[in-house]
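Visitor: Would you be able to build a 3D model of this:
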Amino acid sequence: MKKIGLLVLAMIMALGALGVGYAAWTSSVNVSATVSTGTVQVGIKDAGGSTSTPTNGTEIASSGYYNGLTYDTPLSYPGRVITYNTTVKNLGTLPVTLAATGTSSGDFSTIFAGATVSLSINGGVASTPIPFTTMASLTTALDAALAGSLSAEATRGVKVIITLDPALDSAAQNKTTTFGLTVTGTQAP
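Guide: Prediction:
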């Protein structure tokens, strides 16, 4: 029985020593993260000096910039120079790249037969005039001029100068056309 008692005592001591081996102090740290997303929002306003006064679209968050402008340019004639002077602003928190698309309807090809268009970006010298016979000619030139990233809160001045052909045919009298440009801001890579 003495042997059993010693055996039990040895086992208790072994278990006790085992417990001491596992009774070490511990410490831990937690890692947490908050992820928020930015915003992409571009706005436009007339910068003054346009041939006609625009009608503003909806103002974006009391910024003085709008979701669109509509210009009415009546009583045009051969050789008339039409200027649309605007400022595009990145109202978002992320950098954007700008791209232009265009639409036209009505007597576009009759009114703009022989017309030219040039662009001035950020008050720079106007580009060499190019034929303005299709909206694609304007949007291609505008895309090239707008190339590059526009950081948050940055602006880019865009002046479009259209010169009607001085020898515009009398067939263009009493005609109407509507054309539109959409400048889209896309998150820059």
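Visitor: rest of the way, CA atoms for contacts and neighbours
Guide: Noted.
Visitor: Next up, phi/psi of A145, please.
Guide: phi -70, psi -30 (degrees, to the nearest 10).
Visitor: Next: D143.
Guide: phi -60, psi -40.
Visitor: pretty sure it contacts A99?
Guide: Yes. Taking contacts as C-alpha atoms under 8 Å, D143 lies within contact range of A99: 5.4 Å.
Visitor: neighbour count winner among the two?
Guide: A99 (19 against 16; other C-alpha atoms under 10 Å).
Visitor: What residues does the more buried one make contact with?
Guide: L142, D143, L146, A147, V183, T184, G185 (C-alpha atoms under 8 Å, 6 or more residues apart in numbering).
Visitor: Assess the claim that T73 and P54 are in contact.
Guide: No. Using C-alpha under 8 Å, T73 makes no contact with P54, being 9.4 Å away.
Visitor: coming back round to it: can you list the contacts of A99 in CSV and add distance to V160, pLDDT and secondary structure?
Guide: Putting those into CSV (distance: C-alpha to C-alpha, whole Å; pLDDT from 0 to 100; DSSP: H, G, I helix; E, B strand; the rest coil) gives the following:
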residue, distance to V160, pLDDT, secondary structure
L142, 9, 92, helix
D143, 13, 91, helix
L146, 12, 90, coil
A147, 16, 89, coil
V183, 13, 92, strand
T184, 17, 94, strand
G185, 19, 95, strand
